[in-house]
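Q: Return atomic coordinates for the entry below.
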Amino acid sequence: MQSEQTDVLVIGAGPAGTVAAALVNKAGFKVKIVEKLKFPRFVIGESLLPRCMESLEEAGLLNKVLEQGFQRKTGAKFVRDGVVCDYSFADQFTKGWDHAYQVTRADFDKALADGVQEQGVEVEYETEVKAIDFKEDGSSVTTVADATGNTKQIAARFIIDGSGYGRVIPRLFGLDKPSNLPPRKAVFVHIKDVKRHMDDEPDRITIVVHKPDVWVWVIPFSTGVTSVGFVGTPSFFDKYTGTLEEQMRGLIADEPYVAQRMEGVEFLWEPKVLQSWSTTTQTFYGKGFILTGNVTEFLDPVFSSGVTLATVSSQLAGNLVIRHLKGENVDWHKEYTEVMMQGVNTFRSYVNGWYDTTLHTIFFAKDQDSNIKRKICSVLAGYVWDLENDYVKYHDTALRKLAKTIHLRDSISYINNGFKDSEKK
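A: Numbering: from 1, shown residues only. This is a model prediction of the structure:
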């Protein structure tokens, strides 16, 4: 059997794999990426957050992204029953990037993979990992197969698994475990957005509350195409029957905010379905490997955390692997797992707060405190590691306390207004 050798084998050529590969390569180590699919390929996760731009910049991949002419994203807008809550990243509490981009992922991921190849990293497409044999010292031999079924072995000093939903190492070694988030489903499509002028804000993602536990994403691209998706419990979609196109058109027709603009527009492909996506793993690392991106944990699409967690975890993992290969001692749990869980758990609190409507109370409250809004804006921008922000540091309690205060304030206002009405009578 054919064999070859590298310092680091990276599994997956998406954002997680390419960021890690670029950093390790830049440090002077030999890196090889194996990717199961052929690029470009479709994947969801089209709205980036400012924090991930820092990872792309350190990896030397930012210019490659900018060359694509993607839609600049300066904030996020939330809509419920005609009431709008708008967040501008320029107003955030944490010092950092004030914008990101809305990207067609097939083009975005291909740009990253091309960029890392231009840096000297070999990317081998249509190559699937079949088995991994870890040695006592952490080195490994990975058996891979190409599209024709031919196999070979790749010896490596270390493996970075950025395989996304493929979850290669967790799948091979039984490390998967269920998420504590309930299952949800998304139905989505790309449309030819000929009526974009009706809501001319292409520089942000719009999230529409359709029902308390059902929401809609609207993500405009620079090409005039817009991504539209409905997310909810699987049972919500049961009443929509027929073909996927008929189901999607029924969903659009039932949401007033998007119906007028999108009813009857051309779908660029048949709508797609994604469901039961939330998952996690027993460990983020082991002797000779580290997991990054969706391989560690994927939460929910509502706050576009996926690509940010992927790129930041790979930025951190890549730098730790460099130190390890140089012979330094790395506390993988403290320096990787604990750091990443800080970000994951912060996003998790906000995801839970969205679905239990705690965040609805906050987003659509009257007379919002500007300083609090700035702090929440930093989370929406992906700065979920800034412990100077108490809405990050106390993410598990701060949102509930704020919502309770808003409810109390509104109750007092209601009572006072009732007294005033009585006095008038």
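Q: Only C-alpha atoms from now on, for both contacts and neighbour counts.
A: Fine.
Q: mind listing what residue 112 touches?
A: Residues in contact with residue 112 (C-alpha atoms under 8 Å, 6 or more residues apart in numbering) are 14-15, 18, 61, 64-65.
Q: Let me see the mean pLDDT of stretch 342-356.
A: Stretch 342-356 shows a mean pLDDT of 95.
Q: Please work out which residues outside that stretch touch it.
A: The contact list for stretch 342-356, computed with C-alpha under 8 Å, 6+ apart, reads 212-213, 297, 299-300, 302-303, 305, 309, 359-360, 379, 384-385, 392, 395-396, 399-400.
Q: circling back: for the contacts of residue 112, which one is nearest residue 30?
A: residue 18 (13.7 Å; C-alpha to C-alpha).
Q: That closest one should be in a helix, yeah?
A: Yes - counting by DSSP: H, G, I helix; E, B strand; the rest coil, residue 18 falls inside a helix.
Q: which residues of the stretch 51-200 of the chain score low on pLDDT?
A: Along the stretch 51-200 of the chain, the parts satisfying pLDDT under 70 run over 200.
Q: try 80
A: Regions of the stretch 51-200 of the chain meeting the criterion pLDDT under 80 cover residues 178-181, 199-200.
Q: Now do the helices in it.
A: 62-66, 105-118, 168-173 (DSSP state H, counting those that start in this stretch).
Q: Centre of the chain to the shortest one, how far?
A: Per C-alpha atoms, centre = their mean, to the nearest Å, the displacement of helix 62-66 from the mean C-alpha position of its chain is 19 Å.
Q: Start the count at 286 instead of 1 going forward.
A: OK, 286 is where the count begins now, so the last one is helix 347-351.
Q: Could you list the buried residues of it?
A: Residues of helix 347-351 classed as buried by neighbour count (16 or more other C-alpha atoms under 10 Å): 347, 349-350.
Q: Can you convert the helices of the stretch 336-485 of the chain into TSV and add a column each for distance to residue 335?
A: Shown next, in TSV, are these (distance: least, C-alpha to C-alpha, whole Å):
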stretch	distance to residue 335
helix 347-351	12
helix 390-403	15
helix 453-458	28
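Q: Any idea which of those helices gets closest to residue 551?
A: The minimum distance between residue 551 and these falls on helix 390-403, with 20.1 Å, by C-alpha to C-alpha.
Q: thinking again about what came up before, let me have the contacts of residue 397 in a markdown table, extended by distance to residue 337.
A: Formatted as a markdown table, these follow (distance: C-alpha to C-alpha, whole Å):
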| residue | distance to residue 337 |
| --- | --- |
| 299 | 14 |
| 300 | 10 |
| 303 | 13 |
| 346 | 11 |
| 349 | 14 |
| 350 | 12 |
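Q: out of the residues you listed, who's nearest residue 604?
A: residue 303 (13.3 Å).
Q: Next, find the distance separating that closest one from residue 623.
A: Per C-alpha to C-alpha, to the nearest Å, residue 303 is found 23 Å from residue 623.
Q: show me where the stretch 336-485 of the chain has strands.
A: Using DSSP state E, counting those that start in this stretch, the strands of the stretch 336-485 of the chain run over 356-358, 360-365, 368-373, 385-387, 407-409, 413-419, 425-430, 436-446, 461-463, 470-477.
Q: same thing with the stretch 486-635 of the chain?
A: 489-496, 499-505, 510-517, 557-560, 564-566, 570-571, 574-576.
Q: out of those, deepest packed?
A: With neighbours taken as mean count of other C-alpha atoms under 10 Å, the strands of the stretch 486-635 of the chain reach their highest mean count in strand 574-576, at a mean of 27.
Q: list the helices and strands that one packs on?
A: In terms of contacts (3 or more C-alpha pairs under 8 Å, 6 or more residues apart in numbering; DSSP states H and E), strand 574-576 is packed against strand 436-446.
Q: buried stuff in the strand it packs on?
A: Using 16+ other C-alpha under 10 Å as the test for burial, strand 436-446 gives 436, 438-446.
Q: Strand partners (parallel or antiparallel) of that strand?
A: Each strand paired with strand 436-446, and its direction, by DSSP bridges: strand 287-296 (parallel), strand 425-430 (antiparallel), strand 574-576 (parallel).
Q: how much does that strand deviate in direction from strand 413-419?
A: Angle of strand 436-446 versus strand 413-419, following axes from the mean of the first three to the mean of the last three C-alpha atoms, to 10 degrees, is 70 degrees.
Q: Work out the gap between strand 436-446 and the centre of the chain.
A: Centroid separation between strand 436-446 and its chain, computed with C-alpha atoms, centre = their mean, is 27 Å.
Q: on that earlier part again, for the contacts of residue 397, which two are the farthest from each other?
A: For the contacts of residue 397, and using C-alpha to C-alpha, no pair is farther apart than 299 and 349, which are 14.2 Å apart.
Q: Residue 695 versus the residue nearest to residue 428 when sequence neighbours are not counted, what's the distance?
A: With C-alpha to C-alpha, 6 or more residues apart in numbering as the criterion, residue 428 has its nearest non-adjacent residue at 4.5 Å, and that residue is residue 438. The gap separating residue 438 from residue 695 is 65 Å, by C-alpha to C-alpha.
Q: quick one, what contacts the residue nearest the centre of the chain?
A: Centroid check for the chain by C-alpha atoms, centre = their mean gives residue 591 as the closest residue, at 1.5 Å. Taking C-alpha under 8 Å, 6+ apart as the contact definition, residue 591 lies against 330, 578-579, 583-585.
Q: Am I right that residue 667 is in contact with residue 592?
A: No - at 9.9 Å, residue 667 does not count as touching residue 592 under the criterion of C-alpha atoms under 8 Å.
Q: what is in contact with those two at once?
A: In contact with both residue 667 and residue 592: 334, 337, using C-alpha under 8 Å, 6+ apart.
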